[in-house]
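Participant: using only what follows, build the 3D model:
(3 chains)
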Amino acid sequence: MRCEMKFETVISPLDLDLTLACGQTFRWRRLEGSWLGVLGSEVIRLRQEGRTLTIEAEPGRDDIVALVEEHLRARDDIRAVQRKLSSDRVLSSGMRDLKGLRIVKLDEWESVVSFALATYANIPRITKMIETLCSKYGERLPGGFRAFPSQRQLRKASINDLADCGLGYRAKYLHQLCRYLGPGEIARMKSLPYDELREQLIELPGVGEKVADCVSLFGFGRLEAFPIDVWIERAMGRLYGEKGNYRKLRSFASDRFGAYAGYAQEYLYYNERTISGRGSCMFSEQ
DNA sequence: GCCCAGGAGTGTG
DNA sequence: CACACTCATGGG
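Facilitator: Prediction:
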């Protein structure tokens, strides 16, 4: 990548490593102390040194900083988030060490595809599936990078073509998604309240409650969404003694975390995955 | 080889 | 409503 444009900005608090490597997004690669990724049609390199975030990109756009700031949700008031969640005895102590972990804002279409593919797979595999899709169907970008393929680009692929990308049974869902969900529908859904957005997402093939909540949170930026996967289910049982079906756990989270349930979920998710890799728990049981 | 993964869809009691 | 079963596969 021949980066010619260079910018600096401050997003605070921010821990780029925590934010880009915790399973919200699957397209950033860590290389020699910086992060390489694609936002829209822009190849971007990010490097954090203290409070300074350095952004490098190809010349061509003058709003690269705004692009990155939107992706990292620079306008989120993390202090307000943590103040609100600090009333929760379980989260209050450990979450201070995670204040640099920010929710990211993904492209809506990319989020639907990514999390529909993410069912019943681990993160390395999800990463590979998406990488293969991008390399086969995404627009060519400088430096051998690829944009995330659009709905129209993916429509050209048959179910077998998609299965050849290692998608398994998910190939059929993606094939249908390309025919049911277009830019028009996405534009319309942006203005819906969360509960209606969620209902309409669940109507899509391959999208159930969990995927709809991931898409609501990461794609449509609804911070009240609380996706419950196996890790969160485990964490809620262990830390809160809370067990049951999706509806019950979701209701518990909504009552407890309210408008910032998405951040609470990210803290719990990070912690649960970390301790399974022989780390120690950041949160104390209730 | 075995186990499990940021589950969804479908059928049954 | 709650379960049970299937789906297809690769990474650890």
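Participant: the longest strand along chain A: what's the following helix or strand?
Facilitator: When chain A is scanned for its longest strand (criterion: DSSP state E), the result is strand A:42-49. Sequence order places strand A:52-57 as the next helix or strand after strand A:42-49, per DSSP states H and E.
Participant: identify the residues contacting the helix or strand sitting right after that following strand along the chain?
Facilitator: Where DSSP H and E defines the elements, the next helix or strand beyond strand A:52-57 is helix A:64-71. Applying Cβ atoms under 8 Å, 6 or more residues apart in numbering, the contact partners of helix A:64-71 are A:5, A:7, A:9, A:11, A:39-40, A:42, A:44, A:46, A:53, A:55, A:57, A:61, A:75, A:104-106. All C-beta spots, glycine's among them, are computed from the backbone N, C-alpha and C.
Participant: among the residues you listed, which ones are buried?
Facilitator: A:9, A:11, A:39, A:42, A:44, A:46, A:53, A:55, A:57, A:104-106 (16 or more other Cβ atoms under 10 Å).
Participant: including distance to A:Glu185, could these go into JSON lines?
Facilitator: Output for those, formatted as JSON lines (distance: Cβ to Cβ, whole Å):
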{"residue": "A:Thr9", "distance to A:Glu185": "33"}
{"residue": "A:Ile11", "distance to A:Glu185": "31"}
{"residue": "A:Leu39", "distance to A:Glu185": "22"}
{"residue": "A:Glu42", "distance to A:Glu185": "25"}
{"residue": "A:Ile44", "distance to A:Glu185": "28"}
{"residue": "A:Leu46", "distance to A:Glu185": "31"}
{"residue": "A:Leu53", "distance to A:Glu185": "34"}
{"residue": "A:Ile55", "distance to A:Glu185": "32"}
{"residue": "A:Ala57", "distance to A:Glu185": "30"}
{"residue": "A:Val104", "distance to A:Glu185": "22"}
{"residue": "A:Lys105", "distance to A:Glu185": "19"}
{"residue": "A:Leu106", "distance to A:Glu185": "17"}
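Participant: so which residues of the stretch 151-286 of chain A form helices?
Facilitator: Here the stretch 151-286 of chain A has its helices, by DSSP state H, counting those that start in this stretch, at A:151-155, A:159-162, A:170-180, A:183-189, A:194-202, A:209-214, A:230-240, A:246-257, A:261-276.
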